[in-house]
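Asks: sequence first, predicted model second:
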Amino acid sequence: MTAHLAASSTLDGRVAVVTGGSSGLGRAAAIRFAAAGARVGIGALQPAGGAEVVREITGAGGDAFYLDTDVRRPADVEALIAAAEQRWGQVNVLYASAGVMPVGTAPETSEDDYQLAVDVNLGGCFRLAKYGIPALARSGGGSVILTGSEIGLVGASRAAAYCASKGGVINLTRALAVDSAPLGIRVNCLCPGPVDTPMLRGWFQTGDPVALEKIQVSPLPLQRLGRPGEIAEAALFLASDASSFMTGATLVVDGGATCWYGL
């Protein structure tokens, strides 16, 4: 049984495309996918961070490239998919991990910040699917992973735009799963809880960092922030044949945040 599970979790011979792959959850997933045998195309807007991830992967004997990619721009996403397909002849895994987190209630949130959240968090997933699913189909099928959030499932204070965008990702997942199943393509949504990433640390800096971290940790039964590598393991599960009977599903990895209401 152990050997079977290990074989199912491999990505040997496959090509993965990861947006937001230069830092945080995307970076951890790109490195983990490569360690599992995948060749990895990384799209982001941080050339230095992207180059560092590529060096780490290639230094460990893997194969990867980085391409500047603004997921708000259809041409950028299309170019990222094309680059991976041209380089390796196939695309088998898509992981949409690019994200932003504007802070504010609806009255506090500017139209620009609302549009940014929707365009990056939800629109980025849509565009990766739009241009990536045909490539997966040409390769005979594959797996798509969209990044939702535990606060796409429940409300949170001063996160109106973020909650709205992530809730949309969860239902986009279901729609894509229905449409893609006949193509041999599975589509699932990974919903992390609070994870120690640069984006979360940036949110802590919008107020008292100690108090805001306590606010994040206190509702969690596990009483700590998640680690990027823990989310990467869940992403690997969804990317691999270990999750071969899952599509349209929401996999919540949140330290227990959504399993109770504080009593």
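Replies: Sure thing, it's come through.
Asks: all contacts plus neighbour counts: C-alpha atoms, from now on.
Replies: Fine.
Asks: in the stretch 151-263 of the chain, which spans are strands?
Replies: 185-192, 250-253 (DSSP state E, counting those that start in this stretch).
Asks: out of these, deepest packed?
Replies: Neighbour counts (mean count of other Cα atoms under 10 Å) averaged over each of these peak at strand 185-192, with a mean of 26.
Asks: flag the shaky bits of the stretch 1-150 of the chain, pLDDT-wise.
Replies: Residue ranges of the stretch 1-150 of the chain with pLDDT under 70: 1-8.
Asks: show me where it has strands.
Replies: For the stretch 1-150 of the chain, the strands defined by DSSP E, counting those that start in this stretch occupy 15-19, 39-44, 64-68, 93-96, 142-147.
Asks: now tabulate those strands in TSV and tack on mean neighbour count and distance to Ala175.
Replies: TSV is the format used below for the strands of the stretch 1-150 of the chain (neighbours: other Cα atoms under 10 Å; distance: least, Cα to Cα, whole Å):
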stretch	mean neighbour count	distance to Ala175
strand 15-19	29	20
strand 39-44	28	24
strand 64-68	22	28
strand 93-96	30	16
strand 142-147	28	12
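Asks: as TSV, these with distance to Ala239 would be great.
Replies: Below are those laid out as TSV (distance: least, Cα to Cα, whole Å):
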stretch	distance to Ala239
strand 15-19	9
strand 39-44	13
strand 64-68	17
strand 93-96	6
strand 142-147	5
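Asks: among those, which is nearest Gly193?
Replies: Comparison of the strands of the stretch 1-150 of the chain against Gly193 by Cα to Cα identifies strand 142-147 as nearest, at 11.0 Å.
Asks: that closest one: partners in the sheet, and parallel or antiparallel?
Replies: strand 93-96 (parallel), strand 185-192 (parallel) (DSSP bridges).
Asks: bridging residues for the nearest residue to Trp88 once chain neighbours are set aside?
Replies: Spatial nearest neighbour of Trp88, excluding adjacent residues (Cα to Cα, 6 or more residues apart in numbering): Val15 at 7.4 Å. Note on Val15: beta-bridge partners Arg39, judged by DSSP bridges.
Asks: relative to Val100, how far out is Val15?
Replies: Here the criterion is Cα to Cα, to the nearest Å. By it, Val15 lies 26 Å from Val100.
Asks: just Asp70 next, same as before
Replies: From Asp70 to Val100 the distance is 12 Å (Cα to Cα).
Asks: now tabulate the strands paired with strand 142-147 in TSV and tack on distance to Pro221.
Replies: What follows is the strands paired with strand 142-147, written out as TSV (distance: least, Cα to Cα, whole Å):
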stretch	distance to Pro221
strand 93-96	28
strand 185-192	15
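Asks: buried set for the longest helix seen in the chain?
Replies: Using DSSP state H, we find that the single longest helix of the chain is helix 160-180. Residues of helix 160-180 classed as buried: 160-174, 176-177, 180 (neighbour count, 16 or more other Cα atoms under 10 Å).
Asks: next, count neighbours for Thr258.
Replies: For Thr258, the neighbour count with other Cα atoms under 10 Å is 18.
Asks: ok, now which ones touch it?
Replies: By Cα atoms under 8 Å, 6 or more residues apart in numbering, the contact list for Thr258 reads Glu150, Val154.
Asks: which intervals of the stretch 151-263 of the chain have sub-threshold pLDDT?
Replies: Scanning the stretch 151-263 of the chain for pLDDT under 70 picks out 203-205, 263.
Asks: tell me how far the ends of stretch 39-53 are from each other?
Replies: 13 Å.
Asks: was I right to think the residue nearest to Trp88 contacts Val40?
Replies: Yes. Proximity of Val15 to Val40 meets the contact threshold set by Cα atoms under 8 Å, at 5.9 Å.
Asks: distance check, the spatially most central residue of the chain against Ile215.
Replies: Residue closest to the mean C-alpha point of the chain, counted by Cα atoms, centre = their mean, is Ser97 at 2.9 Å. Between Ser97 and Ile215 the distance, using Cα to Cα, works out to 24 Å.
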